[in-house]
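1. Just need the structure, nothing else, for what follows:
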Amino acid sequence: MEETKVNKAEEVNRKYKSWTYTIRRSNRAKKLRLNITVKDGLVVVLPRGFNEKEIPAILESQANWITAGLAKVQITKALFRPTSINLPAIEETWNVTYLPTPGKQLAVQEEDFSLVVTGESEDPYKVSEALNSWMRQKAQEVLVPWVHRISEEHALPFNKVTIRRQKTRWGSCSSQKSLNLNQNLLFLPAPLVSYVMTHELAHTKHHNHSPAFWKYLNTLLPDSKRLQKETVGSYSQVPHWAW
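-> Presented below is the predicted three-dimensional model:
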């Protein structure tokens, strides 16, 4: 879509029925154009000289399209701008509040068990990025010492551990005994987190999924088959914004 260059001072907010919309006048626009975005909602782009009194009739003619588009925006905002973050792995729930400050980079600040998101927090995709950065730091603080404890408990040393945001696996172990752990493990119950870590550490002995690997893993965790099944089916516990 062609970018509309417009002076922000020329933007005007209006309301028609239950819709709030923004009027933008553009030197490049040749005719009225309706845009709906997650960040800005409904925007009416006007060419110079267009009579604003004609806008309500045009909006009315596009009522179905506008209603559907704004509904999708609300769904997206609900999915990507959480009001709370529940981390079962460590039994913590963080409330999230938003303090929009246009023109400033997003920042996430901790206050007790609350997160305050400042900056352009009306953009849910930027919010998602900021919260995922916070999640990575949180996972680093929690998961790294956790896997070290399990490593010492089972006498299974490893080279290093890296925290990542992965979509298809909870963890991995390289042939050099380097571990990768998914930061989204924090959304799982603690027993499943411990299972994933033990599973990956077992790969330092058997770098495959052979019968010998599963037999060895079962010596470490006698309930490993049930835990494996629960872990595979737990991706739905991760909220949309965290993927």
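2. Next, work out how far apart Thr20 and Val44 are.
-> Counting by CB to CB, to the nearest Å, the separation of Thr20 from Val44 is 11 Å. For every residue, glycine as well, the C-beta is placed using N, CA and C.
3. the more surrounded of those two?
-> Taking neighbours as other CB atoms under 10 Å, Thr20 and Val44 compare with Val44 leading, 21 against 12.
4. Surely that one is in a strand?
-> Yes: assigned with DSSP: H, G, I helix; E, B strand; the rest coil, Val44 falls within a strand.
5. Please enumerate the strands of this protein.
-> Applying DSSP state E to the chain gives strands spanning 12-16, 19-26, 33-37, 41-47, 84-87, 92-100, 107-111, 114-119, 160-164, 171-173, 178-182.
6. Off-centre distance for the longest helix that the chain contains?
-> Ranked by residue count under DSSP state H, the longest helix found in the chain is helix 124-153. Chain-centre distance of helix 124-153: 13 Å, with CA atoms, centre = their mean, to the nearest Å.
7. buried sites along it?
-> 124, 126-128, 130-132, 134-135, 138-139, 142-143, 146-147, 150-151 (16 or more other CB atoms under 10 Å).
8. What separation do you get for the closest residue to Phe50 other than its chain neighbours and Val44?
-> Nearest residue to Phe50 in three dimensions, chain neighbours excluded: Leu32, at 6.2 Å (CB to CB, 6 or more residues apart in numbering). As judged by CB to CB, Leu32 and Val44 stand 7 Å apart.
9. next one: stretch 14-28 to chain centre, how far?
-> Using CA atoms, centre = their mean, the offset of stretch 14-28 from its chain centre is 30 Å.
10. same deal with stretch 50-70?
-> 32 Å.
11. Please apply the same query to stretch 179-189.
-> 14 Å.
12. repeat for stretch 65-85
-> 14 Å.
13. Ok, stretch 106-116 next?
-> 16 Å.
14. Sort out which residues of that stretch are buried, please.
-> 106, 108, 115.
15. Next: stretch 157-172.
-> Buried residues in stretch 157-172 (16+ other CB under 10 Å): 158, 161, 163, 166, 170-172.
16. ok, now stretch 231-241?
-> For stretch 231-241, by 16+ other CB under 10 Å, it's 231, 234, 238-239, 241.
17. sorry, back to before: show the contacting residues for the residue nearest to Phe50.
-> Taking CB atoms under 8 Å, 6 or more residues apart in numbering, we find Leu32 in contact with 44-47, 50, 54-55, 58.
18. of those residues, buried ones?
-> Using 16+ other CB under 10 Å, the buried ones in the contacts of Leu32 are 44-46, 50, 55.
19. any weak-confidence spans in the protein?
-> For the chain, applying pLDDT under 70 flags the ranges 1-10.
20. next one: phi and psi at the most far-flung residue of the chain relative to its centre?
-> Largest separation from the mean C-alpha position in the chain: Gly49, at 42.4 Å (CA atoms, centre = their mean). The phi/psi pair for Gly49 (degrees, to the nearest 10) reads phi 90, psi 0.
21. Can you tell me which of the buried residues of stretch 106-116 is nearest Trp94?
-> Closest to Trp94 out of these is Leu115 (5.2 Å), distances taken as CB to CB.
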